[in-house]
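**Q** would you be able to build a 3D model of this:
(chains A and B)
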Number of protein chains: 2
Amino acid sequence: MLDFEKAGGLVSAIAQDDQTGEVLMIAWMNREAFEETVRTGRAVYYSRSRKKLWRKGEESGNVQEVREVRVDCDNDAVLLKVNQIGGAACHEGYKSCFFRRLEKDGSLSVQGERVFDPQQVYKK
Amino acid sequence: MLDFEKAGGLVSAIAQDDQTGEVLMIAWMNREAFEETVRTGRAVYYSRSRKKLWRKGEESGNVQEVREVRVDCDNDAVLLKVNQIGGAACHEGYKSCFFRRLEKDGSLSVQGERVFDPQQVYKK
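**A** Predicted structure coming up:
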């Protein structure tokens, strides 16, 4: 059903808040990640940098419960409508990874407030 | 500001309906596409298959007026909040490219109705 060949074994995956419609993040999935996501109902991505499955929230507890899966017309992207446990999808502690807005002067302004302090959650 | 090097000169670009929050499509941008988007206020993508700029709507008239640009935490994806002229972003005539929902039996069901007939619009 999905075309994993177009981008070297991966499809794009967008996570959107099921209730508010806010776009939370974008990541990648290989076939294994997609199948585990569908089977378990929790978002699993593929980390290109770590070259392995990324079970979203396995470290922070902020898992994404998948309410609905949409597939795009090219079969190379999926849209997950999710319930974001913990209220924040971004590893920087914001609800959405898209927490910065481009302003007319070319600068980026932070929108919204941190839901958690990354240093507390990840304890690195 | 954006990291175009991570994915061979491209960043991901998600278009979202500014009013309803519906995710309309995902595409790619190179630096030129991004800069033209910001400068003109109309979404310009980069077509990987045609290897050139894709001024969304230049053929169909269904341009996307960009109301807001968000940048993600990794600097390799942008979120455009747009006003979709013509009401449909998808070349298949649906409002969103994500017009198919994955059902429990593994099939895809079409959600929503066609806004236009692709054969009329593109006259191919």
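**Q** from residue B:18, how far out is the closest residue to chain B within chain A?
**A** Nearest residue of chain A to chain B, counting by CB to the nearest CB: residue A:21, 2.8 Å away. Placement of C-beta: from N, CA and C, glycine included. From residue A:21 across to residue B:18, the span is 11 Å (CB to CB, to the nearest Å).
**Q** neighbour-wise, which of the two wins?
**A** residue B:18 (17 against 14; other CB atoms under 10 Å in any protein chain shown).
**Q** report pLDDT for that one.
**A** On the pLDDT scale, residue B:18 is placed at 97.
**Q** that one: what's it in contact with?
**A** B:67-68, B:81-83 (CB atoms under 8 Å, 6 or more residues apart in numbering or on different chains).
**Q** try residue A:108
**A** A:100-102, B:1, B:71 are the contacts of residue A:108 under CB under 8 Å, 6+ apart.
**Q** now do residue A:111
**A** So residue A:111 contacts A:99-101, B:70 (CB under 8 Å, 6+ apart).
**Q** of those, which is the nearest to residue B:12?
**A** residue B:70 (12.1 Å; CB to CB).
**Q** output the contacting helices and strands for the helix or strand where the closest one lies.
**A** Applying DSSP states H and E as the criterion places residue B:70 in strand B:64-71. Helices and strands touching strand B:64-71, by 3 or more CB pairs under 8 Å, 6 or more residues apart in numbering or on different chains; DSSP states H and E, are strand A:100-102, helix B:31-40, strand B:77-84.
**Q** who's sitting farthest from the centroid in chain A?
**A** The C-alpha centroid of chain A is most remote from residue A:105, which lies 28.9 Å away (CA atoms, centre = their mean).
**Q** dig out what the spatially most central residue of chain A forms beta bridges with.
**A** Closest residue to the average C-alpha location of chain A: residue A:25 at 4.1 Å, with CA atoms, centre = their mean. Going by DSSP bridges, residue A:25 is paired in beta bridges with residue A:15.
**Q** for my notes, confirm the residue farthest from the centre of chain A occurs in a strand.
**A** No - according to DSSP: H, G, I helix; E, B strand; the rest coil, residue A:105 belongs to no strand; its state is coil.
**Q** now it: phi and psi?
**A** Here the main-chain torsion angles of residue A:105 (degrees, to the nearest 10) amount to phi -80, psi 10.
**Q** again, but for residue A:121
**A** phi -80, psi -40.
**Q** was I right about it contacting residue A:87?
**A** No - at 11.8 Å, residue A:121 does not count as touching residue A:87 under the criterion of CB atoms under 8 Å.
**Q** between those two, who's got more neighbours?
**A** Neighbours were counted for residue A:121 and for residue A:87 using other CB under 10 Å; residue A:121 has more, 17 against 12.
**Q** helix, strand or coil for the spatially closest residue to that one that is not a sequence neighbour?
**A** Nearest residue to residue A:121, sequence neighbours excluded (CB to CB, 6 or more residues apart in numbering or on different chains): residue A:60, at 5.0 Å. Here residue A:60 is recorded as coil under three-state DSSP.
**Q** next, count neighbours for residue A:60.
**A** A total of 17 residues lie near residue A:60 under the criterion other CB under 10 Å.
**Q** pull the contacting residues for it.
**A** A:86, A:91, A:116, A:121-122.
**Q** on that earlier part again, quick one: contacts for the residue farthest from the centre of chain A?
**A** Contacts of residue A:105 by CB under 8 Å, 6+ apart: none found.
**Q** residue A:9 now?
**A** Taking CB under 8 Å, 6+ apart, one finds A:30-31 in contact with residue A:9.
**Q** now do the phi/psi pair for it.
**A** Torsion angles, degrees, to the nearest 10, at residue A:9: phi 90, psi 0.
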